[in-house]
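S.K.: Give me the fold of what follows.
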Amino acid sequence: MKKLSFLILVFAVLFAIFFLLLIFLRVPFGLYPLMSYQDAIDLLTPLVLIPIYWLLFRISAKGEASRVEEMAFMVLAALWVLGHGMHLAANSINNLVEHLAKNQQIDILATDIYTLIYFYDENLSHFLWYSGILGLMALLSYREWKRPSDQTTGWWMVVLAGLIHGFTLFCIFLEGQAVVMGLPFTAIFTLLVLIWGRKKRSYQPLLAFFLIACILALSLFLGWGLYWGGFPEFSEVGLI
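M.R.: This next block holds a predicted model:
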């Protein structure tokens, strides 16, 4: 049975769509033009991804989860949704403010209003959201490590999913000005699994998936940092 490996691939693809591809839909939303299609579709992000996180949480390990594990999942999922909701609203308003300023309609970029919007958009929301992402990655890995379901790893699905997810993680942490969170986490996760989980990956698909994702993300972080002498966002170097 490789249903877990298939679910992992579905998760990686949907995660990439909601986190990366929606940026190309930043055009006015027909029903409410002050919003963009990106904003409208992004409303679905937690409604799609959190249930998949829950399925991964349940089927990647044997037996029922402990009360502590379930509480940890709920807290981390709440943190994830809190960060996402804050970012969705603040980013939508930030985009509108910058558009109005660019078109010389009204410019509040030098005011405390914009400073607060930017703080919610680029700082607090990212810290909350990405803490949820990394926390759920750690929790799911811990639960599978502790009580693996013994499902064999569908390697082509898991490797493809890991490469997609690793690239996605690199992009969101870099553009989200959160490499200070992403780089050490991926480094520590990679070392721990390579040292102590070498014999587990063939029957722990989720662990193999996150390991591949972390190795790729870490490699991209290090390569980007060496090339640029730091971690400028894609937008700062003219790539988006």
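
S.K.: does I23 really touch Q38, like I thought?
M.R.: Yes. Using C-beta atoms under 8 Å, I23 makes contact with Q38 at a distance of 6.4 Å. Backbone N, C-alpha and C define where each C-beta goes, glycine included.

S.K.: out of those two, which sits in the busier spot?
M.R.: Set I23 next to Q38 and count neighbours by other C-beta atoms under 10 Å: Q38 wins out with 19 against 13.

S.K.: Identify the residues contacting the helix or strand in which the more buried one is found?
M.R.: Per DSSP states H and E: Q38 is located in helix 37-42. Contact with helix 37-42 is made by 18, 22-23, 25-29, 31-32, 88, 91-92, as judged by C-beta atoms under 8 Å, 6 or more residues apart in numbering.

S.K.: Show the buried residues in these.
M.R.: Buried subset of these (neighbour count, 16 or more other C-beta atoms under 10 Å): 18, 22, 29, 88, 91-92.

S.K.: Might you list the low-confidence residue ranges for the chain?
M.R.: Across the chain, the ranges flagged by pLDDT under 70 are 1, 197-202, 240.

S.K.: List the buried residues for the longest helix that it contains?
M.R.: Criterion DSSP state H: the longest helix present in the chain is helix 67-102. When burial is assessed from 16+ other C-beta under 10 Å, helix 67-102 yields the following buried residues: 69, 72-73, 76-77, 79-88, 90-95, 97.

S.K.: contacting residues for A61?
M.R.: Contacts of A61 by C-beta under 8 Å, 6+ apart are 143-144, 146-149.

S.K.: Run through the bridge partners of it.
M.R.: Beta bridges link A61 to P148, judged by DSSP bridges.

S.K.: what's next to stretch 150-164, contact-wise?
M.R.: Under the contact criterion C-beta under 8 Å, 6+ apart, stretch 150-164 has outside partners 1-6, 8-9, 11-13, 15-16, 62, 201-205, 208-213, 215-216.

S.K.: Sort out for me which of the contacts of helix 37-42 are in strands.
M.R.: Using DSSP state E, the subset of the contacts of helix 37-42 located in strands is 28-29, 32.

S.K.: ok, those residues vs I106, which is closest?
M.R.: Nearest to I106 among those: P28, at 17.5 Å, using C-beta to C-beta.

S.K.: Correct me if wrong: that closest one contacts S92.
M.R.: No. In this structure P28 lies outside contact range of S92 using C-beta under 8 Å: 11.6 Å.

S.K.: Common neighbours of these two, please.
M.R.: What both P28 and S92 touch, as defined by C-beta under 8 Å, 6+ apart, is the set 35-36.

S.K.: Could I get the full set of helices for this protein?
M.R.: Listed in chain order, the helices of the chain (DSSP H) span 3-19, 37-42, 45-59, 67-102, 112-118, 125-146, 155-175, 179-196, 205-228.

S.K.: so what secondary structure elements neighbour the first one?
M.R.: This means helix 3-19. helix 45-59, helix 155-175, helix 205-228 (3 or more C-beta pairs under 8 Å, 6 or more residues apart in numbering; DSSP states H and E).
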